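*Asks:* Okay, predicted coordinates and the sequence, questions at the end:
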Amino acid sequence: MRSRAEVRFRGKVQGVHFRDFTRRFARRMNVAGWVRNIPDGSVEAVFEGDGEAINEVIRMLNEEHPYARVDHMDVIWSPSLDEFQRFEIR
């Protein structure tokens, strides 16, 4: 089943190539959507694809990024809207 996750990452997530890693991990897992920096220092992302694949992208961002530190994240799950063809940085 295709899912959608809207995620806000907080912590040391800007200035550490977090968006590049997000795009790389998402594309590796065939997850579509986008990621962008927010002026308050957080990063916002929307992921669409297989729910397990989205969970794996989120896990990799929390555990495998060599420079970032995610202190908190908010995740809102919903059914996929099939809105995106690929993953991009905004």
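*Replies:* Yes, it's here. Numbering: from 1, shown residues only.
*Asks:* When you work out contacts or count neighbours from here on, use the C-alpha atoms and nothing else.
*Replies:* Noted.
*Asks:* ok, residue 70 touching residue 11?
*Replies:* Yes - look at residue 70 against residue 11 with CA atoms under 8 Å: they come within range, at 4.8 Å.
*Asks:* and the gap between the most centrally placed residue in the chain and residue 65?
*Replies:* In the chain, the residue lying closest to the centroid (CA atoms, centre = their mean) is residue 45, at 4.6 Å. Using CA to CA, to the nearest Å, residue 45 is found at 16 Å from residue 65.
*Asks:* Heading C-terminal from the helix ranked longest in the chain, find the next helix or strand.
*Replies:* The longest helix of the chain (DSSP state H) is helix 51-63. Using DSSP states H and E, the next helix or strand after helix 51-63 towards the C-terminus is strand 69-79.
*Asks:* Parallel or antiparallel, list what pairs with that next one.
*Replies:* strand 2-12 (antiparallel) (DSSP bridges).
*Asks:* could you point out which element follows the partner strand?
*Replies:* helix 18-28.
*Asks:* how far away is residue 35 from residue 62?
*Replies:* Residue 35 is 15 Å from residue 62, by CA to CA.
*Asks:* try residue 23
*Replies:* Residue 23 sits 14 Å away from residue 62, going by CA to CA.
*Asks:* again, but for residue 22
*Replies:* 11 Å.
*Asks:* Could you verify my assumption that residue 50 touches residue 3?
*Replies:* Yes - with contact defined as CA under 8 Å, residue 50 counts as touching residue 3 (5.9 Å).
*Asks:* burial count for residue 24?
*Replies:* The local packing of residue 24 (other CA atoms under 10 Å) involves 15 other residues.
*Asks:* One more: residue 39?
*Replies:* Residue 39: 8 surrounding residues under other CA under 10 Å.
*Asks:* cool, the one 5 residues further on as well?
*Replies:* Residue crowding around residue 44 was assessed by other CA under 10 Å; the count is 19.
*Asks:* what number of residues lie near the residue lying closest to it once chain neighbours are set aside?
*Replies:* Nearest residue to residue 44 in three dimensions, chain neighbours excluded: residue 8, at 4.5 Å (CA to CA, 6 or more residues apart in numbering). Look at residue 8: counted by other CA under 10 Å, it has 19 neighbours.
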